[in-house]
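Trainee: what's the 3D shape of this:
(chains A and B)
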Amino acid sequence: MSILSLTAVELAAKIKAKEVTVLQAVEEVISQIEAKEELYKCYVTIAKNRAIERAKQVQEQIDSGNLTGPLAGVPVAIKDNMCIKDMLTTCSSKILSNFIPTYSSEAVIKLEEAGAIIIGKTNMDEFAMGSTTETSAYGVTKNPRNPEHVPGGSSGGSAAAVAAEECFFALGSDTGGSIRQPASYCGVVGMKPTYGTVSRYGLIAYASSLDQIGPLAKDVTDCATILEVIASHDEKDSTSIKREDTDFTKALVNDVTGMKIGIPQDYFMKGLAPQVKEAILNAAKVLKDKGAIVEEFDLGLVEYAIPTYYTIAAAEVSSNLERFDGIKYGYRTNEFDGLHDMYKKTRSEGFGKEVKSRIMLGSFVLSSGYYDAYYLKALRTKALIKKAFDTAFEKYDVILGPVAPTTAPKLGSSLNDPMKMYLSDIYTISANLAGLPGITLPCGKDEKGLPIGLQLTGNCYQEKKIIQAAYTYEKARGKIEWDQHSEEV
Amino acid sequence: MAKQYETVIGLEVHVELATKTKIFCSCSTEFGGAPNSHTCPVCTGMPGSLPVLNKQVVEYAIAVGLATNCKITQYCKFDRKNYFYPDNAQNYQISQLYLPICRDGKIEIETSTGTKSIGIHEIHMEEDAGKLIHDEWENCSLVDYNRSGVPLIEIVSEPDMRSAEEVIAYLEKLRLIVQYLEASDCKLQEGSMRVDVNLSVREAGAEEYGTRTEMKNLNSFKAISRAIEGERARQIELIEEGKQVIQETRRWDDNKEQSFAMRSKEDAQDYRYFPEPDLVPIEISDEWLERIRANQPELRTEKLKRYKEEYDIPEYDAQIITGSKKLADLFEKTSAICQKPKKVSNWLMVETMRLLKENDMEPEDISFAPENLAKLIELAESGTINSTVAKEVFEEIFRNNIDPNQYVEEKGLKTVNDEGELRSTIEKIIAENPQSVEDYKNGKEKAIGFLVGQTMKAMKGKANPGLVNQILKELL
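Mentor: Below you'll find the model as predicted:
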């Protein structure tokens, strides 16, 4: 059996036991990338030489006993919106086509300190705006479970790389579901922690108040292990929270006896594909059989989540992306007549359509005369949504539901109908608006062999509850065999 | 009869705070480093960088707020002000709009017509921008981000001032408060204090305000006074001609004594302010506030009162000395060393003031140590040097902060008290000036002055003048 099918924790154990060397692991991953990349396009940048160099250093540290952690020597892929010193960081945008940071993201630093080996930067929707990884300036990522379909987004490259075994695990960022939805579409496990758990320093912001970094991995154990490594209180990020309870692997307990699980009825209305609905309800039954108390309830305000989210996220993005102006770094237009013409051309040429439309939307909702009607109202609605979850969590430990209304759509079908694409975020964005942790893991597949994801959402700082529920479900569910697809699409 | 007009003025004053590091990163705020040498990913707006608030900025802002009788907003926030310009690294400035740290204050000013209270609308914290340098030779613009992220407070007054005199009185008072708090050196010329004047005119007795303009680029109190007079006259002329005053921003050119329109309200940008999501709200606890209140230094009014009680110096001197934090500090330190406050006050009021004026300097520019002035006073009081020499030595102290003991020793400036040496010099002077001796003997008292002068000259100023007088009279 190839080592590529191992989980991150399993690989690290084999490296520790000297059954596999770090270099072997890196070389296996690189040859897998070389074999599969043309088809899947998971990466924007592949850092082969750096990875080989690092593999040697990490091996020495493992051998000398200085590195003993559960991720030591494991190859990882990083979403291309996280800065890595001396490595091209593009956010899958033309405007950052030549940007090489002089600093690394705090989450990346934590991973490297733990001995993980960075293999490259993964493709994404431009500046994390999109749900399909089709808005990238560097090509479209395909879903390894069925390459006629999208991998989801915006962390589509990270999810696909894990699914295609082009890395052992990956980091993504989640602003409205950008980890959980692609994880679900690609049949891997993805987790967004409570806002403030992982430092955002070095993460190129989409919507600062909603962005969180999290893991995409092969199973719940890996997810908990990775999150434990990257969670930190970082003084460089004012929104980072000091937590004592980040020993998430402690929650890898196969037991849900007495755990109260709520299923929002509002999630099962029109728009939800019957196969998805069936798979989710089956998963709920599995947990019930394992001893959980499962009931349906009315969450409320679900219909307001999407307009609230798109108003707040667009407002922040219109400001966050102002710094990309052609002055200091990044792309600058070739010919221009004065400063304002340079700004206009640089940004018109450097940003893609989806990014520009969200910048325009955001500029509008913040503009004088509309601020109260749109932005302020959205902030108030956000507070109400948080309150609805507070009420729900008085009663339940975990909220169970789908990740997306359907399985992964066909390539090219979403961008023609952006409203439909926006609406597909309905089950994931509330967690961002309320700052809640959420985990998604596969719970079945549809007739095309496309994965269906189960989402478990917890109250703020209650990652352990959702990890425990997810771990228990994963054990009960057993292994899902994914279809082998044709290489020629 | 010509119409009477009233001038209505409100000020926006930016003050650069004296923190060692910038408001949102740990870069140095020091002035004058090589371009872009005091920068990091945060203050150059690199992607993925995040701001972290420097607490000292909050403390200074609160201190200024308390000293200007403001209400402190104990739950306050930062907002983003969005506008594109190359000196603005992120293309937004982190400032405060919705919940500024201080509101509703006032300060009392004294003018020739009496005491008046000027309202302070708000004080908010914000970051400074970088600096653009236009290279005419290469036909390009360069940007230096050393100043980007230097902390500022903006103190916004109510439109309560009616004349240049009131404006200057308000600014002097404000500057003194900030200087006493050591929150800033407030130098207009170096830009650590920047004043924008909002001015309108209306017919005396009118209830509605006229259309206002905002005047920028005012680098001295004199320029501010001239700009106010100029703008008042310009607006009145427009109104008299039946024209409209346009709401606009104008730039004062102090050399031409004229202002020029920069941008009108029509071009005004929509700054699209919204709460800064990368920073958490600032919660100022009662304890924190009390600690700052308790640590407030003695301000001018209290100092003046204490001087009257503690030191035997004239009221006028106390007024002048406390009128500058620098002078007051120098006075107190020197007096503590030499225990002769009256003498210290004299040196500050007469010689120091003269030298400041001659050199076109402000008290803040004084660089000599109180120890050296104290030593000089000792030398003069003990008769080791005479008053003429003392003034000479003081000039050296003022210019080069020399040690007077060493200087007097090296240059041989000690007073000559040797009667024999004086007597022989005076005998020689008498012999050389028979006419003056004659005049004196004929009752011209003044002639002795000339002889004393000649003697001092011969003695290179070092003779004890009392002794010279005594010996002269005796010999004559």
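
Trainee: Tell me, what's the model's pLDDT at residue 362?
Mentor: I'll assume chain A. For residue A:362, the model assigns a pLDDT of 97.

Trainee: that answer is for a different chain, and I need it for chain B
Mentor: Turning to residue B:362, the model gives it a pLDDT of 86.

Trainee: what are the phi and psi values for it?
Mentor: With angles defined as degrees, to the nearest 10, residue B:362 sits at phi -100, psi 160.

Trainee: Tally up the residues packed near residue A:345, please.
Mentor: Neighbours of residue A:345 under the rule other C-beta atoms under 10 Å in any protein chain shown: 17. Backbone N, C-alpha and C define where each C-beta goes, glycine included.

Trainee: was I right about it contacting residue A:337?
Mentor: No. Contact status for residue A:345 versus residue A:337: not in contact, 9.2 Å apart, counting by C-beta atoms under 8 Å.

Trainee: Check the contact lists of those two and give me the overlap.
Mentor: Taking C-beta atoms under 8 Å, 6 or more residues apart in numbering or on different chains as the criterion, residue A:345 and residue A:337 do not both touch any residue.

Trainee: What residues sit buried inside the host helix or strand of residue B:332?
Mentor: Assigned by DSSP states H and E, residue B:332 falls within helix B:325-338. Using 16 or more other C-beta atoms under 10 Å in any protein chain shown as the test for burial, helix B:325-338 gives B:325, B:326, B:327, B:328, B:330, B:331, B:332, B:333, B:334, B:335, B:337, B:338.

Trainee: Out of the residues you listed, flag the one nearest to chain A.
Mentor: Taking C-beta to the nearest C-beta as the measure, chain A lies nearest residue B:325 of the buried residues of helix B:325-338, at 33.9 Å.

Trainee: Please list all residues in contact with the closest one.
Mentor: With contact set as C-beta under 8 Å, 6+ apart, residue B:325 has these partners: B:176, B:179, B:180, B:182, B:364.

Trainee: swap the cut-off to 7 Å and go again
Mentor: By C-beta atoms under 7 Å, 6 or more residues apart in numbering or on different chains, the contact list for residue B:325 reads B:179, B:180.

Trainee: just residue A:93 next, same as before
Mentor: So residue A:93 contacts A:126, A:127, A:137, A:350, A:351, A:352 (C-beta under 7 Å, 6+ apart).

Trainee: if we can go back for a sec, same list (the buried residues of helix B:325-338) but as CSV, adding distance to residue A:213 and pLDDT.
Mentor: Shown next, in CSV, are the buried residues of helix B:325-338 (distance: C-beta to C-beta, whole Å; pLDDT from 0 to 100):
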residue, distance to residue A:213, pLDDT
B:325, 49, 90
B:326, 51, 91
B:327, 56, 93
B:328, 54, 94
B:330, 56, 95
B:331, 58, 95
B:332, 56, 95
B:333, 55, 95
B:334, 60, 95
B:335, 61, 94
B:337, 60, 94
B:338, 65, 92
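
Trainee: Against residue B:462, how distant is residue B:418?
Mentor: From residue B:418 across to residue B:462, the span is 11 Å (C-beta to C-beta, to the nearest Å).

Trainee: gap between the two ends of stretch A:67-75?
Mentor: Taking C-alpha to C-alpha, to the nearest Å, stretch A:67-75 runs 15 Å from one end to the other.

Trainee: So what touches that stretch?
Mentor: Residues contacting stretch A:67-75 (C-beta under 7 Å, 6+ apart): A:8-9, A:11-12, A:15, A:22, A:25-26, A:29, A:51, A:58-59, A:61-62, A:111, A:114-117, A:119, A:167-169, A:225-226, A:229.

Trainee: taking these one by one, which sit in helices?
Mentor: Assignment to helices by DSSP state H places the following of the contacts of stretch A:67-75 there: A:8-9, A:11-12, A:15, A:22, A:25-26, A:29, A:51, A:58-59, A:61-62, A:111, A:225-226, A:229.

Trainee: Check the offset of the helix holding residue B:332 from the chain's centre.
Mentor: 17 Å (C-alpha atoms, centre = their mean, to the nearest Å).

Trainee: need the residues of chain A near chain B, please.
Mentor: Contacts of chain A with chain B, taken as C-beta under 7 Å from any C-beta of the partner chain, map to A:83, A:101-103, A:105, A:200-204, A:208-209, A:235-239, A:315-316, A:319, A:322-323, A:325, A:327-328, A:343, A:363, A:366-368, A:375.

Trainee: Could you rerun that using 6 Å?
Mentor: For chain A, the residues in contact with chain B (C-beta under 6 Å from any C-beta of the partner chain) are A:83, A:103, A:201-204, A:208-209, A:237-238, A:315-316, A:319, A:322-323, A:325, A:327, A:343, A:366-368.

Trainee: OK, contacts around residue 260?
Mentor: Looking at chain A here, since you left the chain open. Residue A:260 makes contact with A:293, A:396, A:397, according to C-beta atoms under 6 Å, 6 or more residues apart in numbering or on different chains.

Trainee: um, chain B though
Mentor: Counted by C-beta under 6 Å, 6+ apart, residue B:260 has contacts residue B:251.

Trainee: hang on, it in a strand?
Mentor: Yes. Secondary structure of residue B:260 (DSSP: H, G, I helix; E, B strand; the rest coil): part of a strand.

Trainee: tell me the pLDDT at it?
Mentor: Reported pLDDT for residue B:260: 93.

Trainee: residue boundaries of the strands in the stretch 101-250 of chain B?
Mentor: Using DSSP state E, counting those that start in this stretch, the strands of the stretch 101-250 of chain B run over residues B:102-111, B:114-127, B:131-135, B:140-144, B:151-157, B:193-203, B:213-216, B:248-253.

Trainee: how near is the closest residue to chain A within the stretch 1-150 of chain B to residue A:349?
Mentor: In the stretch 1-150 of chain B, the residue that lies nearest chain A is residue B:91 (3.5 Å; C-beta to the nearest C-beta). Plainly put, residue B:91 is 17 Å away from residue A:349 if you go by C-beta to C-beta.
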